[in-house]
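Participant: Output the structure for:
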Amino acid sequence: MSEEKKEPGILEGFKAFLMRGNVVDLAVAVVIGAAFTNIVNSMVKGVINPLVGAIGTKNLDNYSSCLKAPCTGTGDTATGIRIMWGSVLGATLTFVITAAVVYFLMVLPMSKYLARQAARQKEKEGTQEVIEVTELEILKEIRDALVAQRGPEHTER
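Facilitator: The predicted structure follows:
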């Protein structure tokens with residue numbers, strides 16, 4: 001009588017998929033990323049944009065160029081063809097500012113921290129190797145000294 005292997009059911013396969021390490025890591029990354037987005041957006045809106053607004057204007061959306069005249073009115077009553085380059089410039093500035101905040105406040109300090117940790121670990125491993133080599137050299141010297149004390153008349157058995 002031969003036993004047939006049952007193929008895993010849909011629920012077992014789904015459970016195996018969810019329990020993979022990379023799926024759980026990805027879920028954690030998405031949740032932390034969403035929370036981190038709030039921090040970055042608050043930093044940009046609360047600190048960076050007012051600093052930029054002190055130099056110029058905070059709202060670039062109103063800047064445009066008229067491609068086909070007459071360009072009058074705003075919103076639904078606007079006539080003509082406008083190129084809204086102000087909103088593109090605003091989005092680009094927001095992206096650059098956000099990227100700078102993420103890099104200088106999160107990525108750069110974290111990479112420096114990880115580099116220091118790696119250097120400490122390497123230094124620790126290097127110290128252990130030096131200690132092991134030194135102990136081995138000391139043991140060899142002790143052995144040589146004991147052999148020299150015995151003299152040539154004592155031979156090893």
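Participant: Mind jotting down where the helices sit in this protein?
Facilitator: In the chain, the helices defined using DSSP state H lie at 10-19, 21-43, 49-55, 85-102, 108-150.
Participant: Pick out the shakiest of the ones you listed, pLDDT-wise.
Facilitator: The minimum mean pLDDT among the helices of the chain belongs to helix 49-55 (a mean of 74).
Participant: other SSEs contacting that helix?
Facilitator: Judged by 3 or more CB pairs under 8 Å, 6 or more residues apart in numbering; DSSP states H and E, helix 49-55 is in contact with helix 85-102. Glycine gets a C-beta too; all of them are placed from N, C-alpha and C.
Participant: Summarise which helices and strands the helix it packs on is packed against.
Facilitator: Short answer (3+ CB pairs under 8 Å, 6+ apart): helix 85-102 packs on helix 21-43, helix 49-55.
Participant: For that helix, output the C-alpha coordinates as CSV.
Facilitator: Provided in CSV are the C-alpha atoms of helix 85-102 (Å, rounded to 0.1, in the frame of the first residue of the first chain):
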residue,chain,number,x,y,z
TRP,A,85,5.3,75.4,-14.0
GLY,A,86,4.9,76.7,-10.4
SER,A,87,3.3,73.4,-9.3
VAL,A,88,6.1,71.4,-10.9
LEU,A,89,8.7,73.5,-9.3
GLY,A,90,7.0,73.2,-5.9
ALA,A,91,6.7,69.4,-6.2
THR,A,92,10.4,69.3,-7.2
LEU,A,93,11.5,71.5,-4.3
THR,A,94,9.4,69.4,-1.9
PHE,A,95,11.0,66.2,-3.2
VAL,A,96,14.5,67.7,-2.9
ILE,A,97,13.8,69.1,0.6
THR,A,98,12.3,65.8,1.7
ALA,A,99,15.2,63.8,0.3
ALA,A,100,17.7,66.1,2.1
VAL,A,101,15.8,65.8,5.4
VAL,A,102,15.8,62.0,5.1
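Participant: Buried residues, it. List them.
Facilitator: Gly86, Gly90, Thr94, Ile97, Thr98, Val101, Val102 (16 or more other CB atoms under 10 Å).
Participant: With stretch 54-74 instead?
Facilitator: Of the residues in stretch 54-74, those buried (16+ other CB under 10 Å) are Leu60, Ser64.
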